[in-house]
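# Here's a sequence, model it:
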Amino acid sequence: MDDYPALNLFWTMLWFFLWILWLFLLFKVITDIFRDHSLGGWGKAGWLIFCILLPYLGVLVYVIARGKGMSQRDVKQAKESEAAFQDYIRKTAGPQGGGGGAAAELARLSELKEKGAITAEEFEKAKAKVLS
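Presented below is the predicted three-dimensional model:
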């Protein structure tokens, strides 16, 4: 360790983390190029070639020219993902608001039958309807 001082280690780590940060930004730009539906095929190909051949300049120009749209697409995708997740939760949780699902409905029908409010025949018809 005597040949590599602490300050050099610090600078090496800093450059390494900046390089990793740069790679994340490069991949973010490349995925945004493909995610953008307003760009045509030739536009996507041009931006991709520009970002691959001259990566620092290409990414810098892309972020300056299309950065606002990039953030809007991120927000739109996040909202769509959240809506899909909420929809999945609603479908999985079942009906809410007093029903409680098929089990609660069957319990209510059984209670009505025991009280004599409905006949055994009506109970069987309602039970078949609930279970279908």
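# What segments of the protein are helices?
In the chain, the helices defined using DSSP state H lie at 6-35, 41-53, 55-93, 102-115, 120-131.
# mind putting the ones you listed in TSV, mean pLDDT and mean neighbour count included?
To be clear about C-beta, it is placed using only N, CA and C from the backbone, and glycine gets the same treatment. Shown next, in TSV, are these (pLDDT from 0 to 100; neighbours: other CB atoms under 10 Å):
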stretch	mean pLDDT	mean neighbour count
helix 6-35	92	12
helix 41-53	93	13
helix 55-93	90	12
helix 102-115	85	13
helix 120-131	88	12
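# How is the protein divided into domains?
Using automatic domain parsing, the domain ranges for the chain come out as 6-93, 98-132.
# what's the span of the longest one from first residue to last?
If I follow you right, that is domain 6-93. 56 Å (CA to CA, to the nearest Å).
# For L112, give its distance to F123.
8 Å (CB to CB, to the nearest Å).
# gap between the residue located most distally from the centre of the chain and K125?
For the chain, the residue at maximal distance from the C-alpha centroid (CA atoms, centre = their mean) is G116, at 51.5 Å. Computed as CB to CB, the G116 to K125 distance reads 17 Å.
# Equivalent analysis for I118, please.
Distance, I118 to K125, by CB to CB: 9 Å.
# overlap in contacts of the two?
Jointly contacting I118 and K125 under the rule CB atoms under 8 Å, 6 or more residues apart in numbering is no residue at all.
# what's near enough to touch the residue nearest to the spatial centre of the chain?
With distances taken as CA atoms, centre = their mean, the residue of the chain nearest its centroid is S81 (3.5 Å). Not one residue lies near S81 by CB under 8 Å, 6+ apart.
# Likewise for A84?
Taking CB under 8 Å, 6+ apart as the definition, A84 has no contacts.
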